[in-house]
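In: pasted the sequence and its predicted model underneath.
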Amino acid sequence: MEPHIADPDPVPTDAEPERRASWFGRHIPLVSGAALLIVAVLLGVVIVVRQQTLLLGLDEEWAEEMTEIRGPVGDALALFFNYAGGTLIGALIIPLATVIALLAARRRWAALYFAIASAASAIGVQILKQLFGRARPEDMLVVSDFGSFPSGHVANAATVAVAFGVIFPVVWVWIAGAAWTVLMAVSRTYLGAHWFTDTIGGFLIGAGMALVIWGPFAQKLEQERLALHERRHPAA
């Protein structure tokens, strides 16, 4: 009987590429999201603790530009974003309505992901606000809570943009989310509620949290999306 010789170069099974794809699918969002969160914290340290003059000068110059372009139309648009991105409407009603809509569409994992990402983003914003305690601009058109860095409105907008892009992975959803986030950032500085760098910090926190939470949910979300597609478009 001839001795059995192990194959020195075994052919990978069909499951191996799938496992690799699953590993990368989970870890890439985690790593990229964590990087954004770290940058947000470092930005806060540079601005508030180190008092970096270049960034502070940029904030002052941007605030002056926003003050000069104020007018009735701009006020109305900025106030719309103020209420849609924060207050009870933006902080509770819209996220709750989104979760209910996803549940109704039989996207349970998507609903859970969106809810956790939204909550994590809001908590992260409050932690940094308390940590840095940055003063807001003096010429504000709206009443705001404690802490200017980071912007909670922009963080919320960025979280929604990334989460919607993950749940509905089509180009126009990402474009619409990016536009919504940018307009929210401009509106916050227009109203004098935040400095320019506050909005950058808000984007980093919101997008970072949505990406970090996406990691553990990536495989379930993709399976759910494909299952829904198969139900809607059954094979002939």
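Out: Sure thing, it's come through. Numbering: from 1, shown residues only.

In: for stretch 170-187, which outside residues touch it?
Out: Applying Cβ atoms under 8 Å, 6 or more residues apart in numbering, the external contacts of stretch 170-187 come out as 77-78, 81-82, 85, 151, 153-154, 157-158, 160-162, 164-165, 199-200, 202-203, 206. From N, CA and C alone the C-beta is placed, and that goes for glycine too.

In: list the buried residues in the longest helix along the chain.
Out: Longest helix of the chain, by residue count under DSSP state H: helix 196-232. Residues of helix 196-232 classed as buried by neighbour count (16 or more other Cβ atoms under 10 Å): 196-215, 217-219, 221-222, 224-225.

In: same check on stretch 40-58?
Out: Those would be Ala40, Val41, Leu43, Gly44, Ile47, Val48, Leu55, for stretch 40-58 by 16+ other Cβ under 10 Å.

In: tell me which residues touch Leu54, please.
Out: Counting by Cβ under 8 Å, 6+ apart, Leu54 has no contacts.

In: that one: which element?
Out: helix 53-68 (DSSP states H and E).

In: re the thing from before, packing partners for the longest helix of the chain?
Out: On a contact count with 3 or more Cβ pairs under 8 Å, 6 or more residues apart in numbering; DSSP states H and E, helix 196-232 meets helix 15-44, helix 53-68, helix 108-132, helix 152-167, helix 171-190.

In: relative to Phe132, how far out is Gly85?
Out: Gly85 sits 21 Å away from Phe132, going by Cβ to Cβ, to the nearest Å.

In: so between the two, which is more surrounded?
Out: Gly85 (26 against 20; other Cβ atoms under 10 Å).

In: and the pLDDT for the more buried one?
Out: Per-residue pLDDT puts Gly85 at 84.

In: where in this structure is pLDDT low?
Out: 1-26, 235-236 (pLDDT under 70).

In: please repeat the previous calculation with a cut-off of 80.
Out: Judged by pLDDT under 80, the chain has its weakly predicted residues at 1-26, 49-52, 86-88, 90-91, 229, 231-236.

In: these two touch, right, Val142 and Tyr190?
Out: No - applying Cβ atoms under 8 Å, one finds Val142 not in contact with Tyr190, separated by 10.3 Å.
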